[in-house]
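Build me a model from this:
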Amino acid sequence: MQVKKLDRQERFYANRAAAVAFQGFFDPEKEREALKKPEEPQKGPPTETWGAYSDDGSTLYSSFDVSTYQARFDGSVLPMGGVGGVATLPPYRRQGGVRACMQKALESMYENGYGFSFLYPFSTAFYRQFGYENGGLLQTWTVPIASLNLPDVGGTVEELFSEDDLSPLLEVYENYTEHLNFSCLRTEYDAGLKENIMAQRRYIFLWRDETGAPRSFLICHGKDEILDCTLEFPMRNNLLFSDARSLQALFRFVKNAFPAYYRSIRFTVPGTLNILSLLPEMTQSQCRAFPNGMVRIVHLEKVLSCCRCQGEGTLILEVSDPMLEQNRGVWKLSFAPGKENQVEKTEEAPHITLGIQDLSALLSGARDGEELPWMPQVTLHNSSAPFRNVFYRKPFWCLNLF
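Take a look at the predicted model:
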């Protein structure tokens, strides 16, 4: 099997494989005509495509894209490889094509200093074999609009259209994501909103406080008597806010504007955010919790150097990694307030033995030290080690879909 980065001409076959895998539309003549024209500057994040071919190089078996994002992690910003468009043609499935691509792609990410990789899985078990683990929990709330009896907190709401200045959305996004692990840096909130979103029956509402500063917004569409503000692949809606007051303002707006059209509002928040005190009536509300994609540490030494620890101490970790030998071995992490983390390989006895997938969940804040007994692949050697100073829950939400 041959594995390589695909050039522009070869991506024709990757696009065709993706259309088969995801049962999407593919026009080969249109694709070939496009290849005859000069390549346009790439829109969005820099992206490369990896492909696995037959031994003779005649048939593309599997392929996927790796898009480069700059993602927040514990107060730092690290390169993150977003894996998407994973596809294998049906006759060649279960022959190791994706694994071969993943091996080369992760090695390339490591060499280029990526801290993490992230993906949205069709199967969590499938991607765990490559060192990925479930991300932090998200909560999707469905709340009856009639129950949103909240006081007037002032400010004003305006509706934005595709042709309007949408930069206030980016300002709110930056406020919302400042402390969210794996939120990505952006230069605009969503270029897709410049298209005719009213053709999709989608609407944007922005709340400004009394100074005129943009503080919260919702992007929504109606679905089965629900005002849906959830961020999903078909409809990239959202409800983002800067603080409790700006969320209250949106709730009050929805209560005043939409009770004749919708019964409930649906929106998503990180699992670490407790909004119970903002909901005046809970009896008919529903909450569904689910993981935010899957995360993987790519460059362990870099991530250990950047992870935010609490207090002072030393933690010694014996780490296994099915794909990257650079991460394997015993690592010593020393930390103290006001000092940079000290990270080195060591021959000292480990406090804990674990795989890169479990360590990815723990260091990213998706899991914490209290959960170690519930992680069957983890072995504790020293129960008095400062696990809870390093492994604790953190705000976690990658809002980019790829």
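
Thr68 contacts Gly81, correct?
Yes: counting by C-beta atoms under 8 Å, Thr68 does reach Gly81; the two are 6.5 Å apart. For the C-beta atoms, the positions are set from N, CA and C on the backbone; glycine is no exception.

Could you tell me which residues touch both of the two?
Taking C-beta atoms under 8 Å, 6 or more residues apart in numbering as the contact rule, Thr68 and Gly81 both touch Tyr114.

Show me where the stretch 151-300 of the chain dips below the pLDDT cut-off.
Applying pLDDT under 70 to the stretch 151-300 of the chain picks out no residues at all.

how about the strands in it?
156-160, 202-208, 214-223, 226-228, 238-241, 264-270, 286-291, 294-297 (DSSP state E, counting those that start in this stretch).

which strands and helices sit next to the helix or strand just after the last one?
Proceeding C-terminally, strand 294-297 gives way to helix 300-306 as the next helix or strand, assigned by DSSP states H and E. Packing partners of helix 300-306 (3 or more C-beta pairs under 8 Å, 6 or more residues apart in numbering; DSSP states H and E): strand 76-88, strand 329-335, strand 342-345, helix 356-364.

So which residues of the protein form helices?
11-21, 28-35, 97-111, 124-128, 167-177, 244-257, 300-306, 356-364, 387-390 (DSSP state H).

would you turn these into CSV with distance to Ile197 and mean neighbour count?
Below are the helices of the chain laid out as CSV (distance: least, C-beta to C-beta, whole Å; neighbours: other C-beta atoms under 10 Å):
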stretch, distance to Ile197, mean neighbour count
helix 11-21, 25, 19
helix 28-35, 25, 11
helix 97-111, 34, 20
helix 124-128, 32, 15
helix 167-177, 12, 19
helix 244-257, 18, 20
helix 300-306, 37, 20
helix 356-364, 32, 26
helix 387-390, 43, 19
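
Relative to Phe73, which of those is closest?
Closest of the helices of the chain to Phe73 is helix 300-306, at 6.1 Å (criterion: C-beta to C-beta).

Just the C-alphas of the closest one, formatted as PDB.
Taking Å, rounded to 0.1, in the frame of the first residue of the first chain, the C-alpha atoms of helix 300-306 are listed here in PDB:
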ATOM      1  CA  LEU A 300       3.100  15.200  24.200                       C
ATOM      2  CA  GLU A 301       6.100  17.100  25.400                       C
ATOM      3  CA  LYS A 302       4.700  20.400  24.100                       C
ATOM      4  CA  VAL A 303       1.300  19.700  25.600                       C
ATOM      5  CA  LEU A 304       2.800  18.800  29.000                       C
ATOM      6  CA  SER A 305       4.800  22.000  28.800                       C
ATOM      7  CA  CYS A 306       1.700  24.100  28.200                       C
END
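
Return the distance of that helix from the chain's centre.
19 Å (C-alpha atoms, centre = their mean, to the nearest Å).

Show me the contact partners of it.
Outside helix 300-306, the residues that reach it (C-beta under 8 Å, 6+ apart) are 73-76, 78, 113, 115-116, 297, 319, 321, 326-327, 331, 333, 340-341, 343, 356, 359, 363.

hey, which of the strands of the stretch 151-300 of the chain is tucked in deepest?
Compared across the strands of the stretch 151-300 of the chain, strand 294-297 shows the largest average neighbour count, a mean of 28 (mean count of other C-beta atoms under 10 Å).

strands paired with that one, and their directions?
With DSSP bridges as the test, strand 294-297 is paired with strand 116-119 (antiparallel), strand 133-134 (antiparallel).

could I get it in CSV with only the CA atoms?
Provided in CSV are the C-alpha atoms of strand 294-297 (Å, rounded to 0.1, in the frame of the first residue of the first chain):
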residue,chain,number,x,y,z
MET,A,294,-12.7,13.3,19.9
VAL,A,295,-9.3,14.7,20.8
ARG,A,296,-5.8,13.4,20.6
ILE,A,297,-2.5,14.7,21.8
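
quick one: contacts of it?
Contacts of strand 294-297 with the rest of the structure, by C-beta under 8 Å, 6+ apart, involve 106, 115-121, 124, 127-128, 130-135, 182, 303, 327, 356-357, 359-361, 363-364, 366.

Same check on stretch 395-402?
The contact list for stretch 395-402, computed with C-beta under 8 Å, 6+ apart, reads 45, 65, 67, 69, 71, 82-84, 118, 120, 135-138, 173, 177, 179-184, 231-233, 236, 238, 270-273, 292-293, 364-366.
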